[in-house]
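*Asks:* quick one, what's the 3D model for this:
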Amino acid sequence: MIGVGSQDIERKVLAIMRILREAHEPVGARIIARCLKNSGIDLGERAVRYHLKLMDERGLTRLVGRDGRLITAEGLEELDSALVRDKVGLAISKIELLAVQTNFDWKSQTGQIPVNISFFPKDKFKKALHEMSPVFKAGLCAGNRVAVAQEGEELGELRIPLGMVGFATTCSIVINGALLKSGVPIDSRFGGILQIKKHHPVRFVELIHYSGSSLDPSEVFIRGEMTSVGQAAISGDGKILANFREIPAICRAVVEEVMAGLTETGMGTLLLLGNTSESVCEIPVELNKIGMILIGGMNPVAAAEEAGIKTENRAMSTLMDYQKTINFEELL
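*Replies:* Coordinates of the predicted model:
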C-alpha cells in the first residue's frame, strides 16, 4: 500500500497514476486536475502538485521538464497491485459516471457523447478503415459518428501517442445517458459475445458482468480474439460484441421515442427490445422489466483486429462534443 495517509488520499494518488499511465507522455498538473474532474474527483491544480511532489519522493513518478510527470516502473507495479476492492466493479462505475456526464440532446444535436478511443499504427490505418467499412454499413456498431486525430493531437482528454492514429467510436453508453435524461432508469447488466445467424441475434455465448469486472468486457473479448465481426457484417453469420440492459416495462414508450431520436442523429443502435418479463436471447429478465440488447461500439475495431491489425483500446474512455464527430462514410 502507498503510505501517504488516509484511504481517500490513496485513491486520489492511484487516480493520478492511472492518468499518467494512459498518457504515454509527460503530463502537467493542470491537465491531470481536469482529467480528475471528469472522473468525478474534485482536486485543484495546486493540490495535484502537492500529491505529485509526494509521489516523486516515493519513486512513483518523476519530473520531466518544468511541470510534466511520467509514471515510473515502481509506480506501474504499485498501480497493478493497488486496492483490489477498488478494481472490482470499476466497469459499472465508469458506465454510471459517463451516463451522468453525457449531456447530448438528440433534438438539437448538441452536447457531449461518450466515446471509445482506439490507437492504430499510422501505416495500418488505411487498411483498418477498409476492414471496418462493412461493419458500419451493416449497422453493427453503436452509431456511425466517429472522429480521427493524428499523433500529438487529442481526442477528448486522450493525447495520441507517436506513430499512432487515434480513432473514436460512439459508445453505447450514449443510450444510458439519453434515457437517464428522459427519466428512465436503466440497469447495465453485462457485456458479451452475441451469436448472429442470418442477420438475427440468437444467443449470448460469452458474458462478463459489469459489477464484477475491472475491465471493459469489449477490450477483453477483442484481446482474446473471440469475435468474428467481419464475417457477421458480410455474411450475416458470426459473433459480435453486444451489451445487455434492463428497463422498467412502464417506460417502453419513452425508450422507443428516445431510441428513434438517437437513430436519426447516427447514434445508439438498438438491436433488440424484448417484451415484459420475457427472456431475451436466452437471458432471463426480471419481473416487470424489459430486456434490451445494444450493439457494442467496439465492433468495427474488433473487425480490424480480426484482419491482423493490432490496436490499443480505451473503451468507455472519454467524452467528445458531438459537433466534432463526423459520419464514418466521410472518412472514405
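*Asks:* can you pull the buried residues of stretch 26-41?
*Replies:* Going by neighbour count (16 or more other Cβ atoms under 10 Å), the buried part of stretch 26-41 is Pro26, Val27, Gly28, Ala29, Ile31, Ile32, Ala33, Cys35, Leu36, Asn38, Ser39. Using the backbone N, CA and C atoms, a C-beta is placed for each residue, glycine as well.
*Asks:* in strands only, show me those.
*Replies:* Counting by DSSP state E, those place none of their members in strands.
*Asks:* can you put those in JSON lines and add pLDDT?
*Replies:* As requested, those are exported to JSON lines (pLDDT from 0 to 100):
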{"residue": "Pro26", "pLDDT": "90"}
{"residue": "Val27", "pLDDT": "90"}
{"residue": "Gly28", "pLDDT": "91"}
{"residue": "Ala29", "pLDDT": "91"}
{"residue": "Ile31", "pLDDT": "91"}
{"residue": "Ile32", "pLDDT": "91"}
{"residue": "Ala33", "pLDDT": "90"}
{"residue": "Cys35", "pLDDT": "87"}
{"residue": "Leu36", "pLDDT": "86"}
{"residue": "Asn38", "pLDDT": "75"}
{"residue": "Ser39", "pLDDT": "71"}
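*Asks:* would CSV of the residues you listed with distance to Leu331 be doable?
*Replies:* Formatted as CSV, these follow (distance: Cβ to Cβ, whole Å):
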residue, distance to Leu331
Pro26, 31
Val27, 29
Gly28, 32
Ala29, 36
Ile31, 28
Ile32, 32
Ala33, 33
Cys35, 27
Leu36, 32
Asn38, 27
Ser39, 30
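*Asks:* and which of these is nearest to Gly191?
*Replies:* Checking the buried residues of stretch 26-41 against Gly191 with Cβ to Cβ, the nearest one is Ser39 at 20.5 Å.
*Asks:* can you tell me the element the closest residue in space to the closest one that isn't next to it in sequence falls in?
*Replies:* Spatially, and ignoring its direct neighbours in sequence, Ser39 is nearest to Ala15 (6.4 Å; Cβ to Cβ, 6 or more residues apart in numbering). Element membership for Ala15, per DSSP states H and E: helix 7-23.
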